[in-house]
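**Q** Provided below are the primary sequence and the corresponding predicted coordinates.
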Amino acid sequence: MIVRCRACIAALATLLALVVLPAPALADPAAGAAQEIFQRGAEALRRGEYGAAIDAFEALADQGFVHPDASYNRGLAYVMRVKAHADRPGDLGRAAAAFEEAWLLRPGDAEADTALDLVRAEVTRRRARKSKDVVDVRPTLDRVIVGLASEEAWGIAALAASLLFAVGLVLRRRAGRPHVIGSVLAPTALTALVVLVPLTWGARHLRLTTRPGVVVVNEVYLADEDGRPRGGDPLPEAATVEAGERRGSMIHVRWGAAVGWVPAANVRLIGP
Amino acid sequence: MSARRFGAAVGLGAALLAPRSGLAQGSQPQLSAKASANQVEVGEPFNIELKVAIDQGALADPELRVPAGFTVVGQSSIQFGSRGKRGVNVTWQLVAQRAGHFSIAGPSVTWNNRRFSTSPIPIEVVAGSGRAPKRPGMNSPFVNPFLGPGIQIPWQFGEEEPDDEPDGREAPDLNLPSGPDNWIFLRAVADKKSAVIGEQVTLSFYIYHKPAFRREAARDAPLVDFRHVPLLTNPGSEPDLRAKVGKDWFHVQLLDKIAAFPLREGALHTGSLWVRLLAPRLGPYNERETEDLVINVTEPPRQGKPPGYRSGDVGQFSLTAMVQPRQIDQGSAAAVTIKVSGSGNFPESLRVPERTGVEWLDPEKKESIGPQAGVVSGFRSFGYVVRVKESGNVPLGSVELPYWDPATKKYEVARVDLGSLSVNPVTKVVDPKAPLPEPDPSAVNPFAALGGPRMALSAFAAPRTPLWGEGRLLWLLVGAPPLLVGLRFAASSSARRLRARRALDRESPSALAALALRDAEEAEAKGDRKAFAGAIERALHLAIEAATGLKSRGVLLADLPGELASHGLSRELSEEIQAALAACESLRFEPVSEDAPQGSTAPDAGGSVAELGARGRRLVSELQRIKAP
């Protein structure tokens, strides 16, 4: 009996590991080649050969290889080109995109966070040198609220509220103390459900329809659907935007509360 | 041949006459012009020849302006030179389209920024006589083999319709099962229907014709999404071939051949080559165009794509490099020339091994790229100036050119090692008395706090989809508990209601009437006539109650028809019920001998027991059909 129980637990644990725990990034067959390119890029970076390093890490990104260390090194290669005064337009934006990606993939990555701050500070300094305004934008309230937790967290909370609501309904039918508990629990859980379901839907909708992106040109102005300028402040280099639908060579972006279309080549999309 | 290419050819010829000695001033050029005939027929070609002789200076831009009704169908130029005298003969071939007396303005040419022209040339054009048009005389540069490489124009109306006799010009690969026109049509052929970005697609434009023709105007295929290189040096001068279209023989001429390199992904349209023709029997229907070909263009496969590969680098290439000098002083520069040779879509730039301390300036490009055996090939060289800020033995690294080879259908990398430079250190002599220089703000490193590169991939869990996947499972899970509880409540409530209704139904007059009828059947079977009559009577009263709500037991039998009629029953039915109840009563209360047989007639019953039973059942059934108020 004990042996059978242990076997069951082992099988459950394996199943749980397969379902819940993510597969390691290097488990797929193409990972060997990706690792080789990563090593080549890292060596080039160590030797100061930023050109070769950019080629290697951009090739990794092009192949769909996602890893915060590869993103971080890619940002570092662009920064190295900037430091060598051989930078091309948009290099700081590309570096910011790479560091932002590294930070998104591994939110606790303090090094990537610091690097991102340094790059953005340099962009601000350069803009200030050209007497250009520094515009600080904040996300809209809906984005802030939805962004307080992940889609999974909102979903689990909505599931819990749903269960509690059901339990409350059942208890409410009973007599005595359970009835009192049910009478409190059911409306409370229903209220939570009414709040949590839209939040879950919003987080899911944003995940499925938008991607973060970073501006990789000196600045870009928002246009309407017909390509006419919308006016307002330009999006500065290294600004993080929420990229949505793409039509031809244009992409819909949201920058704070401002929305509009910009050339897709001016925005580097982040993440897998 | 397009007018643009004519201009280029003539311009080249004129440019060759440019003097070696700059802006020379001398005697004016000697010009003369003449026509090959003073009288021509409509449609008959003739030539106007301009001769220009100069001692020195440059001739340029020969021009002939023709009046309306004339068309220039060809132009050629021949240069000549002898001791002290040089010049050019320019010949235009014209065709008149209407009869009349005309004066053609004398042709002109520019010399030392001034334009010189001859006197006008009178021409009389008469209506066509129907005879075969004359070919130009032997002095025509279009056919004279001694006058050098004049631009060849296909002679109009001179070819006969093709016959069935084989003459060695057959091109079976150009045969078609059918054609869009029985007389003359254009056809575009691509050597491939799908390609990757940057892969050469060879487009051939043919004209299939039975009669001879002349091109009045033409427009090249737009090829908007392609970079294109002409593969024919003299388009329109290709020899006629013969091909079968259905059962008919056609002359086939290659009008143009172009190497097109797709610039982007997608189903790319080449556009149509359009020509306006002059040919017998065409009339106003004289414009033709090729079909608009569609080439499906994709990116080369992502798998195996080498680092540094740039979209469009497709072909077969090799790299060579030259570095001069190998020994330099610190802060000075060396010249690095990298040559890309091969065939295909040559790269516009190279990825040089940029690194800290070595500055690569923008390259100077030189190239010799052109068609060779139908393939665009040659070389493009990139000359860089490389400034070195370090000293010692500085490795320059290697240059790599990753490209897609369409022949082997795989990526290749052309590579050349640049070796290293020996850089002599240069020490600056600092005057101790000189004031210290101001710190350069640009020299401050804003990225000093940045960490070093990460040399190995650390453990990382790739982002995954939520636990409930991308489908609608989440909403199902969220909605399920309240829905299940709700369903449970609804089910129990329904069951309760159903039970109550059943209980009610069991005690309803209608149900009791049915029970009474069953009792009557049992009593009839037992021969108990009193019980039978009682049961029928009970069934009728219950059926009346169910149908009208009237409790009829409390009503006198004589008053019953009136009461039933007041409750909506018909008079006949009411009276029938009254009669049945009366029969039941008499059967119940009248004495019957014990040995009376079953079914015997009761004295006042008005019928047998069985008949009463049937009548009772029928009346109950009729009453049950009446809906209670």
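**A** Right, received. Where do you want to start?

**Q** shaky segments in the stretch 1-150 of chain A?
**A** For the stretch 1-150 of chain A, the stretches flagged by pLDDT under 70 are A:1-30, A:134.

**Q** would you list every one of the strands in it?
**A** For the stretch 1-150 of chain A, strands defined by DSSP state E, counting those that start in this stretch do not occur.

**Q** What segments of the stretch 351-500 of chain B are strands?
**A** Listed in chain order, the strands of the stretch 351-500 of chain B (DSSP E, counting those that start in this stretch) span B:358-360, B:364-372, B:375-388, B:392-395, B:398-405, B:410-417, B:420-424.

**Q** Would you mark the buried spots in the shortest one?
**A** Under the neighbour-count criterion of 16 or more other C-beta atoms under 10 Å in any protein chain shown, strand B:358-360 has B:Val358, B:Glu359, B:Trp360 buried. C-beta: built from backbone N, CA, C; applies to glycine.

**Q** For the last one, which non-adjacent residue is closest in space?
**A** Which is B:Trp360. Leaving aside its sequence neighbours, B:Trp360 sits nearest to B:Val352 (C-beta to C-beta, 6 or more residues apart in numbering or on different chains; 4.7 Å).

**Q** neighbours around the one you found, how many?
**A** Neighbourhood size, B:Val352 [other C-beta atoms under 10 Å in any protein chain shown]: 22.

**Q** mind listing what it touches?
**A** Residues near B:Val352 by C-beta atoms under 8 Å, 6 or more residues apart in numbering or on different chains: A:Gly51, B:Val336, B:Ile338, B:Trp360, B:Tyr384, B:Val399.

**Q** repeat for B:Phe447
**A** A:Val79, A:Val82, A:Lys83, A:Leu118, A:Val119, A:Glu122.

**Q** and if we set it to 6 Å?
**A** A:Val79, A:Lys83, A:Leu118 (C-beta atoms under 6 Å, 6 or more residues apart in numbering or on different chains).

**Q** Moving C-terminal from the biggest helix by length in chain B, which element do we reach first?
**A** Scanning chain B for the helix with the most residues, using DSSP state H, yields helix B:473-506. The helix or strand immediately downstream of helix B:473-506 is helix B:509-526, counting by DSSP states H and E.

**Q** Which elements pack onto that next one?
**A** Other elements packing on helix B:509-526 under the criterion 3 or more C-beta pairs under 6 Å, 6 or more residues apart in numbering or on different chains; DSSP states H and E are helix B:529-548, helix B:609-625.

**Q** Give me the contacts around stretch B:294-306.
**A** B:194-197, B:201, B:262, B:265, B:267-269, B:402, B:404, B:411, B:413.

**Q** ok, and the most crowded of those?
**A** B:Trp404 leads these on contacts (other C-beta under 10 Å) with 28 neighbours.

**Q** Distance check, that residue against B:Gln200.
**A** As judged by C-beta to C-beta, to the nearest Å, B:Trp404 and B:Gln200 stand 12 Å apart.

**Q** what's the answer for B:Asn393, then?
**A** 43 Å.

**Q** Over to A:Met250?
**A** 31 Å.

**Q** The residue in the stretch 101-250 of chain B that chain A sits nearest to: neighbouring residues, count only.
**A** The nearest approach of the stretch 101-250 of chain B to chain A comes at B:Asp225, 13.2 Å away (C-beta to the nearest C-beta). A count of nearby residues for B:Asp225, using other C-beta under 10 Å, gives 20.

**Q** do the same with the one 5 residues further on
**A** A total of 16 residues lie near B:Pro230 under the criterion other C-beta under 10 Å.

**Q** which residues does it bridge with?
**A** B:Ile258 (DSSP bridges).

**Q** any idea how far it is from B:Ile258?
**A** Distance from B:Pro230 to B:Ile258, by C-beta to C-beta: 6 Å.

**Q** and if you look at A:Leu45?
**A** 44 Å.

**Q** just B:Ile328 next, same as before
**A** 46 Å.

**Q** For B:Gly100, give me its contacts.
**A** Counting by C-beta under 6 Å, 6+ apart, B:Gly100 makes contact with B:Val125.

**Q** From B:Ser36, how far out is it?
**A** Distance from B:Gly100 to B:Ser36, by C-beta to C-beta: 19 Å.

**Q** which regions of the stretch 451-600 of chain B sit below the pLDDT cut-off?
**A** B:591-600.

**Q** residue boundaries of the helices in the stretch 1-150 of chain B?
**A** In the stretch 1-150 of chain B, the helices defined using DSSP state H, counting those that start in this stretch lie at B:3-15.

**Q** so where's it uncertain?
**A** Ranges of the stretch 1-150 of chain B meeting pLDDT under 70: B:1-27, B:81-85, B:128-150.

**Q** what's the single longest strand in chain A?
**A** strand A:240-247 (DSSP state E).

**Q** Strand partners (parallel or antiparallel) of that one?
**A** The strands beside strand A:240-247 in its sheet (DSSP bridges) come out as strand A:211-215 (antiparallel), strand A:250-255 (antiparallel).

**Q** Not counting the longest one itself, show me its contacts.
**A** Counting by C-beta under 6 Å, 6+ apart, strand A:250-255 makes contact with A:Val137, A:Leu235, A:Val241, A:Glu242, A:Ala243, A:Gly244, A:Glu245, A:Trp261, A:Val262, A:Ala264, A:Val267, all of which sit outside it.

**Q** One more: the shortest one?
**A** Residues lying outside strand A:211-215 but in contact with it, judged by C-beta under 6 Å, 6+ apart, are A:93, A:96-97, A:100, A:235, A:237, A:239-241, A:243, A:267-270.

**Q** Just the buried ones from the residues you listed?
**A** A:93, A:96-97, A:100, A:235, A:237, A:239-241, A:243, A:267-270.

**Q** which bits of the stretch 401-550 of chain B sit near chain A?
**A** Taking C-beta under 6 Å from any C-beta of the partner chain as the contact definition, the stretch 401-550 of chain B meets chain A at B:446-447, B:450-451, B:453-455, B:457-458, B:460-462, B:464, B:466, B:474, B:477-478, B:481-482, B:485.
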